[in-house]
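>>> I'll drop the sequence and a predicted model, then ask my questions.
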Amino acid sequence: MFKSLPAILFVAAIFVAGLAWGLFAAANRLPPAPQVHDAVKTAGSIWYEAFAPPYWGEASGVSPFPLPLPSRMTNAGDISSRETFLIGGGLNQFLGQCPDHGCLAVTMDSDGEILASIPYRPEAIYADPIITKPYESLDFNPLKNTRPIGVEAYDNGDLLVTFQAHGPVFPYGTGVGRIAPDGSPVWFRFDYAHHWAHLNSDQTAWVPALELGDVRAKIEQATGLDNLDCPDDAQMLSSIEHLDEDGRVLESFSLVDAFLNSPYIQFVGETSDPCDWLHLNNIDVVPATLPGIAEKGDLLLSLRNLSALAILDVKTGTIRHVIRGNFLQQHAARFLDDTRIVLFDNWGGTTGERQDGQMPAEIVIIDLATGREHTLFPNVQTPSEYAAIVSNRAGHIDISKDGSRLLAAFSEAGQALELDAESGAVLRAYDNLHDLSSLPDVTENGRTKAIRYDLFSMSFHTDNPVGN
């Protein structure tokens, strides 16, 4: 054995040296670390494409409801008003109205009757974009690799729709388009737009977008932190585009640059993901001046990965103020009135019991005039069947024109609740149920029971129905 000791020590030394070089190379992105990282990503994408189950769209799962479809809409409280809703769809949703690929969106009345629909035609939407940015994808297919997220109605009945990627596509932001009632694009930008856009009364739009780049060194220098590591050299950097009604960029803002040049840069050091520093997911326009906080016309931004809201001065492109609270990984921050913000709090639940390790989502109101934050929903009066809905990664809120009611879409649960804006009482409930029994190779459960789909967008829509 002693005769073999030098050889054993030599091999061990080579192993230790190789391990040390591997760690050093990975930390400093020296060869072969970048090549190995890229190879692992490619292998993962190939594995996903080879073994992914059939993609039926953003289906949450089989519901307990047998076919034929039950009513999707239920009066859950003391409400008698008639209402029309604009509901976003996607692949295989509302097949009864749009049998080819499902509906991009429908308008529905408060009895659950579909009044009009717009077919989902992703191949046509992606066929001739006015701008295209490069993507990482092995075999990009708009039908399999994208999904509509935000849906807003133009005055003439067209839709402003934002899309995100599904499957192994980088980055997740896909694009934004104006879609006619027949499902064809008036224009489409294949440009990393994502989440929910804000359509202004002048028919221009504020759109969340992305740029790709490496800002680690700048953020480390600005914050003094050296542990903010991302294995990807191309990080996703949140930005905003202001588009006119023809899809042309009027102005744009880099939010990472805005933070780097602000006294709030330290917040970026608390990001939950250094590959996606801010994760802008919603934009609203400030309705009135709030001294020391915001000016009328500024933008309210929901930044999920900072668990923070920010006020952007659009005249200078600077961060004017940052708002933090008990909310975590929030979405859909909007002004309820001149001083109060309502938001979808995904992780910061303070009421209810955990469901499979997750806290139910909450609807929270923050009064910027007083600093008070309180949970509107759920509360002690909330019926148990609505009090524990979980939506971990997404959520949408719309506000009625008179400000008296909210429409909260619990995206991953595939449900929406119409709430009284002052008491949080549940007035109506919507369940995003669909019949897939006509599709080939659908499971036996899918032939006998309704399928619940994720619900990314639902809003009050009291004008003429869109679509056909």
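Cool, got the structure. Residues are numbered from 1 along each chain as shown.

>>> Can you tell me how far residue 114 is from residue 274?
Plainly put, residue 114 is 44 Å away from residue 274 if you go by Cβ to Cβ, to the nearest Å. C-betas here are computed from N, CA, C, even on glycine.

>>> Those two: who's more crowded?
Regarding residue 114 and residue 274, a neighbour count based on other Cβ atoms under 10 Å identifies residue 274 as having more, with 20 against 17.

>>> what about that one, which SS state?
Three-state assignment for residue 274 (DSSP: H, G, I helix; E, B strand; the rest coil): coil.

>>> so how far is residue 412 from it?
From residue 274 to residue 412 the distance is 25 Å (Cβ to Cβ).

>>> which is the next helix or strand following the worst-scoring helix or strand of the chain on mean pLDDT?
Lowest mean confidence among the helices and strands of the chain (mean pLDDT, DSSP states H and E): helix 33-51, at a mean of 48. The helix or strand immediately downstream of helix 33-51 is strand 59-66, counting by DSSP states H and E.

>>> Show the average pLDDT along stretch 375-382.
Averaged across stretch 375-382, pLDDT comes to 94.

>>> Now do the buried residues in it.
375, 376, 377, 378, 382 (16 or more other Cβ atoms under 10 Å).

>>> Now tabulate these in TSV and tack on secondary structure.
Below are the buried residues of stretch 375-382 laid out as TSV (three-state DSSP):
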residue	secondary structure
375	strand
376	strand
377	strand
378	coil
382	coil
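
>>> Closest one of these to residue 135?
Using Cβ to Cβ, residue 377 is the member of the buried residues of stretch 375-382 that lies nearest residue 135, at 38.1 Å.

>>> show me the contacts for residue 94.
Contacts for residue 94 (Cβ atoms under 8 Å, 6 or more residues apart in numbering) come out as 102, 103, 106, 114, 117, 434.

>>> Let me know the pLDDT of residue 19.
Looking at residue 19, its pLDDT reads 54.

>>> now swap in residue 251 and tell me
So, for residue 251, pLDDT stands at 97.

>>> and which of the buried residues of stretch 375-382 is nearest residue 284?
residue 376 (17.1 Å).

>>> and the closest one, what does it touch?
Neighbour list for residue 376: 342, 362, 363, 364, 365, 406, 419, 421, 424 [criterion: Cβ under 8 Å, 6+ apart].

>>> mind checking how far the nearest residue to it once chain neighbours are set aside is from residue 460?
Nearest non-adjacent residue to residue 376, counting by Cβ to Cβ, 6 or more residues apart in numbering: residue 424, 4.2 Å away. Residue 424 sits at a distance of 17 Å from residue 460 (criterion: Cβ to Cβ).

>>> quick one: which of the two has more around it?
When residue 424 and residue 460 are compared on other Cβ under 10 Å, the one with more neighbours turns out to be residue 424, at 22 against 18.

>>> To which secondary structure element type does that one belong?
Under three-state DSSP, residue 424 comes out as coil.

>>> which stretches of the protein form helices?
For the chain, applying DSSP state H gives helices covering 5-28, 33-51, 122-125, 142-145, 216-223, 255-260, 265-268, 444-448.

>>> Which secondary structure elements does the third one sit against?
Going back to what we said before, that points to helix 122-125. Identification of packing neighbours for helix 122-125 by 3 or more Cβ pairs under 8 Å, 6 or more residues apart in numbering; DSSP states H and E yields helix 142-145, strand 185-190.

>>> Just list what the longest one packs against, helices and strands only.
It stands for strand 185-190. helix 122-125, strand 131-132, strand 173-179.

>>> Apart from its neighbours in sequence, what residue is nearest residue 216?
That would be residue 228: by Cβ to Cβ, 6+ apart, it lies 6.3 Å from residue 216.

>>> same thing with residue 54?
The shortest distance from residue 54 to any non-neighbouring residue, by Cβ to Cβ, 6+ apart, is to residue 441 (6.4 Å).

>>> For the one you found, give me the pLDDT.
Looking at residue 441, its pLDDT stands at 83.

>>> residues of stretch 417-433 that come out buried?
417-421, 424-433.
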